[in-house]
Every structure is written in structure tokens, then in C-alpha cells.
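Chemist: Sequence and predicted model, in that order:
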Amino acid sequence: MSSEDHHDVSRFQVGTRLIHGRRAPKEQFGFINTPIYRGSSIIHPDLETFETADLPYIYGRKGTPTMAAFEGLMAELDGAAGAISTPSGLCAVTTAILSCVSTGDHILVNDNVYRCTREFCDTILKRMGVETKYYDPTIGAEIQSLMRPETRLVYTETPGSHTMEMQDIPAIADIAHKNGSIVLTDNSWGTPLFFDALGKGADLCIHAATKYIAGHSDTLIGAVSANERLWGQLKSTREALGICASPDDLFLALRGFRTMRVRMDYLSRAGLEMAQWFSGRPEISQVLYPALPASPGYHLWKRDFTGASSLFSVILQPTFTAQAIKEMLNGLELFSLGLSWGGFASLVTPFNPVNHRTVVKWCTLGQALRFYIGLEDLSDLKNDLEKGFERLHAAPT
Ligand SMILES: *Cc1c(COP(=O)(O)O)cnc(C)c1O
């Protein structure tokens, strides 16, 4: 986008790249992180420049130094040809899909996909004449049996939302590419730090940067990274749709990158410790967290990921009543009931996959709860949960 004089950081490790990538203090009067540029009009010095559009930035919607810094660092971390930013994670999903599909296409989508992605497929894509077929996320190379000549793309998300099934991305990508299809991966859980989606075969890698990248639950932002083959069409789709994230949110996400390694290092340890702690509790029948050897998909996580984040789900023993669960959740002091994740504070949400699955029936008994482990001290979180379990047992059956 611009010919910024930023530091080439490609030879450094990822933690260093997060700190030094896409900073150009010389161009910013020495300010250490690229500041917020707000603006629509950008002044051209003369008619010749206006006519040739020979400027690094020509209109605020198309790019600003803040946008270029965020997108450049995103692409750098994903090993991508380029990246776009979007005003939300969901907008990253929809823009990525729209950059690939046309009327008459068929697409394959994992059955445990993020709920709003599913809604987009079932409404807008359907109206556009794009047919969605959901598939068992654990299908692996068997996806061959679902491929049709008009299968434009295979959508993946690993682990999948809420139920955390892992997908064999290299196997799926291999089959998809042999059939001339494109692979999209929602990598919001793995982040560029723990899963190299493009390196494992995805053509487009989607991030709800709202979560771990922005990292403070105060910003909505998304990103899509593309390999060489898809970059042109992704970029032109963003421009044609007029999608641009707010410069304030881009700045917050860029700032999030700078501290992301230390947050993720801590959260991966915290997530594992809490998941192990849940595994030892008699109230819990199952912990769904691919970094636990007893969890389904562990071998894929171990093979393909370099870390695990701090979001997982648990299944309560089926003996507890709805009233008891209500008392447990309502009384929690540190775990708040709230959507989303990736910020500083711990969260919990009850969920029931029965109604949002069409391929793999959800037959597990017992209330499912999704936990996001934040940055609090783990002993305090455990105490909060222990008291919650006491309320669970105390409630009349
Ligand atoms: C939250 C989430 C999104 C959407 O992100 P928003 O910024 O909330 O729009 C997309 N995919 C996954 C897997 C998510 O968890």
C-alpha cells in the first residue's frame, strides 16, 4: 500500500516480530507505534499527482498508515502475501467467503462452525444462489466424497466453536486443492502464534481479531490473510464492498499485537492448568480442550499447533438440575456471563449445540459450559468455581 520505511523483521522470532514489525517511527515524528490517522480526504499537492494517484494514500477508506501497519503486521505473522482488516470478525468471515463465491457454486462448511457464519451461509449465500453443505468436522480426507465439480470452497474452523472438535487441515486442503477448491480457515482460537493456517494448507486465514489480538474486550475488529493466489481477489473484494475498519479500532488491535506474546504465553499455561483442574472435578463428565491428551482431537493439535489458547468447554454430570446450574452460574464472582473471549477477564457461557447441528447429532447428556480463562490469578478463579460447585451440590434436586 505504501513504501513505508519500516524495519525488516522477517529474520526474527515471532515475539520480536510482534514488537518491531511495521513500526516506522521516522515517518511518525519518532512516535513509537503508528498513531491513529483519521480522515477521508487526503490532499494531493498538484493536478499531476491527482491524475496519476501517485501517493502512498489516496482516500481514507482505501488505506491509512494505521491500517497499513495493522494489515502489514497481520500478513507478516501469517506468512501471507497480504492481509485485509475488517470492522468485525464476522465481517472478515463474510468478506473472505464473498471474495471466492459466485451464483451456482457449492461450498462445504464444518458443522460446528461459528453460529453467525452459519447464519450468513443460510441466508445471504442462499439468496445469492450459493449452496452450503455442512460436513462432519472430523471428516479429514473423506471430504473427497462430498466434493462436486462446482465445490468452490471448503470452509474450516479448528477447533470448532464451542464443541472444540479439531480438523485435519492438511488432509482437507490436499483433497480440496486436488479438486480445484479453495480452503478457508477461521483461526481465531489458534491465532498466528499457535497455528500457521496458511502453512498447513489454507488459502485464506480468518481472524476475529476482536478476541486475542485486540485482547481487551473493548474492540471489534477482524482480519483475513491470503496466500499469493488469493490476495488479489481478496483485496479487490474488500475495496468493492467498501469495507474499512475504524482507525481507532485498528490502532487498538495494533497495540494488542505488541503485548500479544506475553499474554498468549501466560494464557496457554493458564488454560491448560484450568482445563486439567476441571478434568479432576467430580462434577465434570468431560473437558473439551484439544491440548488435553484425553480430549478428542489431541493428536491433531499436537501435530499441527505450537500452543493452545485459554478457551475450552466442559460438560457437567447430567444429574444436576437447571435450577442448580443457575445458582452455580449466577453466584460466580470472577467468571462473568458474557459472549466473546480473548480479553483480560474470565467469562462463562452455557450452550446447547442440539439446535445448530445438522450433520453430527449432539447426543452428549449434561449441561455444556464454555469457559474463557482471563488474566486473573488461577487460585482465585479456582476458589470462585469451587464455591460455584458447592452451590451446584446444595441446590434441591
Ligand atoms: C467471535 C468469533 C467470530 C466473530 O468475531 P466478531 O468480532 O465478534 O464479529 C468469528 N469466528 C469465531 C470463531 C469467533 O469466535
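Modeler: Now that the structure is in, tell me what you want to look at.

Chemist: going forward, measure contacts between C-alpha atoms and count neighbours the same way
Modeler: Noted.

Chemist: what about E386, how many residues close to it?
Modeler: For E386, the count of nearby residues is 15 (other Cα atoms under 10 Å).

Chemist: list the contacts for it?
Modeler: By Cα atoms under 8 Å, 6 or more residues apart in numbering, E386 lies in contact with nothing.

Chemist: let's see 10 Å
Modeler: Listed by Cα atoms under 10 Å, 6 or more residues apart in numbering, the contact set of E386 reads R281, M328, L332, D380, L392.

Chemist: Quick one: residues contacting G63.
Modeler: Contact analysis of G63 by Cα under 10 Å, 6+ apart lists M1, S2, Y37, G39, S40, P56, Y57, E71, E239, C244, A245, P247.

Chemist: how does it look with 6 Å?
Modeler: Residues counted as contacts of G63 (Cα atoms under 6 Å, 6 or more residues apart in numbering): none.

Chemist: cool, A223 as well?
Modeler: I84, S85, T86, A92, I206, H207.

Chemist: what do you get if the cut-off is 7 Å, keeping everything else the same?
Modeler: Counting by Cα atoms under 7 Å, 6 or more residues apart in numbering, A223 touches A83, I84, S85, T86, G89, A92, I206, H207, A208, A209.

Chemist: Next: F335.
Modeler: Contact analysis of F335 by Cα under 7 Å, 6+ apart lists S346, L347, V348.

Chemist: Of the contacts of A223, which are in range of the ligand?
Modeler: G89, A208 (Cα under 6 Å from any ligand atom).

Chemist: What's the local residue count around the residue in the stretch 251-397 of the chain that the ligand sits nearest to?
Modeler: Proximity of the stretch 251-397 of the chain to the ligand (Cα to the nearest ligand atom) peaks at S340, 5.4 Å away. Look at S340: counted by other Cα under 10 Å, it has 13 neighbours.

Chemist: looking at this, it is in a strand?
Modeler: No: S340: not assigned to a strand; according to DSSP: H, G, I helix; E, B strand; the rest coil it is coil.

Chemist: where's it relative to H162, distance?
Modeler: Applying Cα to Cα, to the nearest Å, the value for S340 to H162 is 11 Å.

Chemist: Then N330?
Modeler: Here N330 is placed at a distance of 21 Å from H162 (Cα to Cα).

Chemist: coming back round to it: the contacts of E386 in helices, which ones?
Modeler: When DSSP state H defines the helices, the subset of the contacts of E386 inside them is M328, D380, L392.

Chemist: Give me the distance between the spatially most central residue of the chain and V224.
Modeler: Nearest to the geometric centre of the chain sits S188, at 1.5 Å (Cα atoms, centre = their mean). To V224, S188 is 11 Å away according to Cα to Cα.

Chemist: do S102 as well
Modeler: Applying Cα to Cα, the value for S102 to V224 is 19 Å.

Chemist: who are the neighbours in contact with the residue in the chain positioned nearest to the ligand?
Modeler: Here the residue of the chain nearest the ligand is G89; by Cα to the nearest ligand atom that distance is 3.3 Å. By Cα under 7 Å, 6+ apart, G89 lies in contact with H207, A208, A209, T210, I221, G222, A223.

Chemist: try 6 Å
Modeler: With Cα under 6 Å, 6+ apart, G89 has these contacts: A208, I221, G222.

Chemist: Which PyMOL command selects the buried ones in those?
Modeler: Listed next is the PyMOL selection for buried residues among those, using 16 or more other Cα atoms under 10 Å:
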select buried, resi 208+221+222
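
Chemist: hang on, V9 in a strand?
Modeler: No: judged by three-state DSSP, V9 forms no part of a strand; its state is coil.

Chemist: tell me the mean pLDDT for stretch 359-375?
Modeler: Averaging pLDDT along stretch 359-375 gives 95.

Chemist: Could you list the residues in contact with that stretch?
Modeler: Outside stretch 359-375, the residues within contact range by Cα under 6 Å, 6+ apart are 310-318, 344-351, 354.

Chemist: Those residues also near the ligand: which ones?
Modeler: Taking Cα under 6 Å from any ligand atom as the test, the ligand is in contact with none of the contacts of stretch 359-375.

Chemist: now the residues you listed: which count as buried?
Modeler: Among the contacts of stretch 359-375, those classed as buried by neighbour count (16+ other Cα under 10 Å) are 310-317, 344-350.

Chemist: now, which of these lie within strands?
Modeler: Among those, the members found in strands (DSSP state E) are L311, F312, S313, V314, I315, L316, L347, V348, T349, P350.

Chemist: the strands in this protein, which residues?
Modeler: 82-86, 106-110, 131-135, 151-157, 182-186, 204-207, 222-226, 284-288, 311-316, 336-337, 347-351, 368-372.

Chemist: what would the ones you listed look like in CSV with distance to T66?
Modeler: Formatted as CSV, the strands of the chain follow (distance: least, Cα to Cα, whole Å):
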stretch, distance to T66
strand 82-86, 11
strand 106-110, 33
strand 131-135, 36
strand 151-157, 28
strand 182-186, 24
strand 204-207, 18
strand 222-226, 14
strand 284-288, 38
strand 311-316, 29
strand 336-337, 33
strand 347-351, 30
strand 368-372, 30
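
Chemist: Thank you kindly, that will do.
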